[in-house]
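Visitor: sequence first, predicted coordinates after that:
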Amino acid sequence: MCPSLPASRNHIRQTANRISDLAQASRSMPLQIVHHPDYDAGFAVNHRFPMSKYPLLMEALRMRGLAVPEALSMPEPAPAARLKLAHAADYVDQVIACQVPEKIEREIGFPIGPRVSLRAQLATAGTVLAARLALEHGIACNAAGGSHHARRAQGAGFCTFNDVAVASLALLAEGAIENVLVVDLDVHQGDGTADILKDEPRAFTFSMHGERNYPVRKIASDLDIALPDGTGDDAYLERLAAVLPELSGQRHWDIVFYNAGVDVHAEDRLGRLALSDDGLGAREDMVIGHFRKQGVPLCGVIGGGYSTDVPALAARHAILFEVASLYA
């Protein structure tokens with residue numbers, strides 16, 4: 001049953017109150033967080049991709065008491081062999097050598113120089129590491145990741161390597177998991193993840209996104225829900241609450257990768273949807289609570305978010321970690 005709209009609003013209020021209480025409480029079990037200073041590739045402040053959100057996110061997490069040293073981990077760059085589980089070998093070699101053809105660089109949205117190449121390798125490894133920590137601790141988050149437009153043959157849409165697809169295939173190849181669910185709530189459809197995992201029967205991809213947003217030509221996920229422009233908190237949460245039991249009914253999941261893109265926010269300049277900060281908190285609580293109450297490990301990645309007010313954007317991304325810490 002879908003919750004009534006008043007019930008959705010009540011969920012929003014309850015989540016906001018729990019986050020507020022958490023800010024005043026001591027934490028016996030800190031949230032496992034993966035980060036690296038080189039997640040920031042040093043773009044100009046006026047670039048369309050707000051690269052400075054990564055250090056600002058870590059600053060926000062430290063201010064909230066969430067980034068505690070004993071629960072912080074830093075990845076090493078992903079090895080080429082692991083990246084080639086999800087991507088064409090020639091493309092991986094091009095990125096590592098910083099020799100990506102200009103046509104592909106234009107589709108990605110920026111040149112692939114040494115700092116961008118390193119960042120892509122680190123962010124991908126960060127999601128692999130966060131997934132391993134989630135299997136051990138129940139929940140963990142990468143302070144980057146969610147590069148869901150990178151397809152098997154190449155990158156696109158500000159995404160160089162598809163970290164969630166790489167992590168999924170790496171864990172499957174190792175036998176660490178048998179079934180993986182991707183829950184992608186970035187405002188843009190997860191075309192690259194759908195492309196890479198379409199022939200992997202042990203993986204199920206779900207994307208709920210803006211109907212009229214990028215990419216123009218979408219690649220079908222196992223389940224897609226397209227939302228009209230202007231969708232706000234109540235309608236969004238109602239639709240999400242209805243689909244979560246359906247996802248759990250597919251099979252037993254060994255891990256969930258959750259792309260918590262904040263570009264669904266009303267003030268996001270690329271989003272077209274209309275969620276509030278409290279709506280984001282309720283969304284995170286609905287997803288994380290649903291799977292953690294079933295005992296399913298969850299790995300969170302931050303996904304997209306685009307704003308000229310980058311500190312405000314970092315604060316929106318921090319909501320994922322605030323809510324995830326409730327379940328650590």
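Guide: Nice, thanks for sending it over.
Visitor: contacts for the strand or helix carrying Ala235, please.
Guide: Per DSSP states H and E, Ala235 falls inside helix 233-248. Residues outside helix 233-248 that contact it (Cβ atoms under 8 Å, 6 or more residues apart in numbering): 2-3, 5, 8-9, 11-12, 181, 183, 185, 204, 206, 208, 223, 225, 227, 264, 273-276, 278-279, 282-283, 286-287, 290-291, 294. (C-beta placed from N, C-alpha, C; glycine too.)
Visitor: ChimeraX command for the buried members of those residues?
Guide: In ChimeraX, this line selects whichever of the contacts of helix 233-248 come out buried by 16 or more other Cβ atoms under 10 Å:
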select :3,8,9,11,12,181,183,185,204,206,208,225,227,264,273,274,275,278,279,282,283,286,287,290,291
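Visitor: mind checking which of the contacts of helix 233-248 are in strands?
Guide: Within the contacts of helix 233-248, residues falling in strands by DSSP state E are 181, 183, 204, 206, 208, 223, 225, 227.
Visitor: what is the nearest of these to Ser147?
Guide: Lowest distance from Ser147 to the ones in strands among the contacts of helix 233-248 (Cβ to Cβ) belongs to Val183, with 15.7 Å.
Visitor: Tyr306 and Val264 touch, don't they?
Guide: No. Here Tyr306 lies out of contact with Val264, judged by Cβ atoms under 8 Å, at a distance of 11.3 Å.
Visitor: which residues do the two both contact?
Guide: What both Tyr306 and Val264 touch, as defined by Cβ under 8 Å, 6+ apart, is the set Gly271.
Visitor: what about Leu244, distance to Gly279?
Guide: Here Leu244 is placed at a distance of 16 Å from Gly279 (Cβ to Cβ, to the nearest Å).
Visitor: could you do Asp40 as well?
Guide: Separation of Asp40 from Gly279 (Cβ to Cβ): 28 Å.
Visitor: same question for Asn162.
Guide: Using Cβ to Cβ, Asn162 is found at 27 Å from Gly279.
Visitor: repeat that for Phe321.
Guide: For Phe321, the distance to Gly279 - Cβ to Cβ - is 17 Å.
Visitor: same check on Gly42?
Guide: Taking Cβ to Cβ as the measure, Gly42 falls 32 Å from Gly279.
Visitor: cool, Val216 as well?
Guide: For Val216, the distance to Gly279 (Cβ to Cβ) stands at 27 Å.
Visitor: and the strands in this structure, which stretches?
Guide: 32-34, 72-73, 139-142, 180-184, 203-210, 223-227, 255-259, 298-301.
Visitor: out of those, which is closest to Ala88?
Guide: Using Cβ to Cβ, those put strand 203-210 closest to Ala88, at 18.5 Å.
Visitor: for the chain, what's the longest helix?
Guide: The residue-count maximum for a helix in the chain (DSSP state H) belongs to helix 114-137.
Visitor: worst mean pLDDT across the helices and strands of this protein, which element?
Guide: Least confident helix or strand, the chain: helix 5-24 with a mean of 62, by mean pLDDT, DSSP states H and E.
Visitor: how far does the helix holding Ala235 sit from the chain's center?
Guide: How far helix 233-248 lies from its chain's middle: 18 Å, per Cα atoms, centre = their mean, to the nearest Å.
Visitor: what of stretch 237-254?
Guide: Put simply, stretch 237-254 sits 18 Å off its chain's centre (Cα atoms, centre = their mean).
Visitor: so where is the protein shaky, pLDDT-wise?
Guide: 1-11, 13, 15-28 (pLDDT under 70).
Visitor: can we see that at 50?
Guide: Per-residue confidence for the chain (pLDDT under 50) gives these ranges: 1-5, 24, 26.
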